[in-house]
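**Q** kindly return the folded structure for what I paste below:
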Amino acid sequence: MTEIPEGYGPDDELDRDAPDPVYLQLAAVLVTRIERGDYPPRRAVPGVDRLVQEFGVARGTARKTLVLLADLGIVRTVVGKGSFVVEQPPKAEQADEEQPKT
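**A** Numbers count the residues shown, from 1 in each chain. Below you'll find the model as predicted:
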């Protein structure tokens, strides 16, 4: 499972020289914005075109970011409408608690 790196704030610019791939940096920025309440539950996150414009990333990078967030259960994508924040995005602590203890 892909892990979103920490240390990227909601208003950070992407660091092309950082060891983290750009799509993961962008995912971290969007998650921070969701947690901060910029994109509340059931509301749309920026689409591919807006991410390309705001961050200067390739369309494929923007798409990969949104697919990752959907795979992690943070957003839900509706074909033809966009990607929307789920009611209660999973948090790292919740994921740890749900795993069986050995």
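**Q** which residues sit against the biggest helix by length in the chain?
**A** With DSSP state H setting the assignment, residue counts place helix 22-36 as the longest helix in the chain. Where contact means C-beta atoms under 8 Å, 6 or more residues apart in numbering, the residues beyond helix 22-36 that reach it are 2, 4-10, 12, 14-16, 18, 20, 39, 45-46, 51, 55, 57, 61-62, 64-65, 68-69, 74, 85, 89. Where you see a C-beta, it was placed from the backbone N, CA and C, and this is true even at glycine.
**Q** just the buried members of those?
**A** 4, 8, 10, 14, 20, 39, 45-46, 51, 55, 57, 61-62, 64-65, 68-69, 74, 85, 89 (16 or more other C-beta atoms under 10 Å).
**Q** count of neighbours near the residue nearest to Ala44 when sequence neighbours are not counted?
**A** Spatial nearest neighbour of Ala44, excluding adjacent residues (C-beta to C-beta, 6 or more residues apart in numbering): Gly82 at 4.7 Å. If you count neighbours by other C-beta atoms under 10 Å, Gly82 ends up with 17.
**Q** ok, Gly82 to Arg76 distance?
**A** 10 Å (C-beta to C-beta, to the nearest Å).
**Q** ok, now Val22?
**A** 23 Å.
**Q** look at those two and report which has more neighbours.
**A** Between Val22 and Arg76, Val22 has the larger neighbour count (other C-beta under 10 Å), namely 19 against 14.
**Q** would you map the strands across the protein?
**A** Counting by DSSP state E, one finds strands in the chain at the ranges 75-78, 82-85.
**Q** in a markdown table: these, plus mean pLDDT and distance to Ala28.
**A** A markdown table is the format used below for those (pLDDT from 0 to 100; distance: least, C-beta to C-beta, whole Å):
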| stretch | mean pLDDT | distance to Ala28 |
| --- | --- | --- |
| strand 75-78 | 96 | 14 |
| strand 82-85 | 97 | 15 |
